[in-house]
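> no letters, just coordinates:
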């Protein structure tokens with residue numbers, strides 16, 4: 001049932017609902033395994049990074065790489081010396 005209800009959320013607003021339900025599922029797992037004295041809800045919040053946050057970070061990284069490449073190309077075209085920044 002969790003997967004059916006979480007899969008129904010497809011838009012950005014639905015992402016927060018989906019992440020909230022994943023958090024609830026993690027809490028339920030912790031309670032069912034009787035690990036509440038070892039793992040708190042605060043621990044789950046600190047250690048669990050929602051997928052949309054990872055996706056946003058990945059898109060931001062790709063955007064920075066694109067802007068860097070465009071800037072380096074522009075400087076090269078204008079014959080302006082620069083120190084190339086290594087991406088690795």
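Perfect, I can see it now. Keep in mind that this is a model prediction, so the values were computed, not measured.

> how long is stretch 41-57 end to end?
24 Å (C-alpha to C-alpha, to the nearest Å).

> chain center to that stretch: distance?
7 Å (C-alpha atoms, centre = their mean, to the nearest Å).

> same deal with stretch 49-59?
2 Å.

> okay, now the unreliable bits of this structure?
Residues of the chain meeting the criterion pLDDT under 70: 1-15, 48, 50, 87-88.

> assign the residue in the chain sticking out farthest from the centre to helix, strand or coil.
Computed with C-alpha atoms, centre = their mean, the residue of the chain farthest from its C-alpha average is residue 79, at 38.3 Å. Classification of residue 79 by DSSP: H, G, I helix; E, B strand; the rest coil places it in coil.

> now it: phi and psi?
phi 60, psi 40 (degrees, to the nearest 10).

> can you check residue 82 too?
As for residue 82, its main-chain torsions (degrees, to the nearest 10) stand at phi -150, psi 160.

> could you find the closest non-adjacent residue to it?
Closest residue in space to residue 82, ignoring its immediate chain neighbours: residue 75 at 4.9 Å, by C-beta to C-beta, 6 or more residues apart in numbering. The C-beta positions use only the backbone N, C-alpha and C, and glycine is treated the same way.

> so which strand or helix has that neighbour?
helix 51-77 (DSSP states H and E).

> can you name every helix or strand that that helix contacts?
helix 12-32 (3 or more C-beta pairs under 8 Å, 6 or more residues apart in numbering; DSSP states H and E).

> now do the helix it packs on against helix 51-77, angle only.
Going by axes from the mean of the first three to the mean of the last three C-alpha atoms, to 10 degrees, helix 12-32 is angled at 130 degrees with respect to helix 51-77.

> for helix 12-32, which positions count as buried?
15, 18, 19, 22, 26, 30 (16 or more other C-beta atoms under 10 Å).
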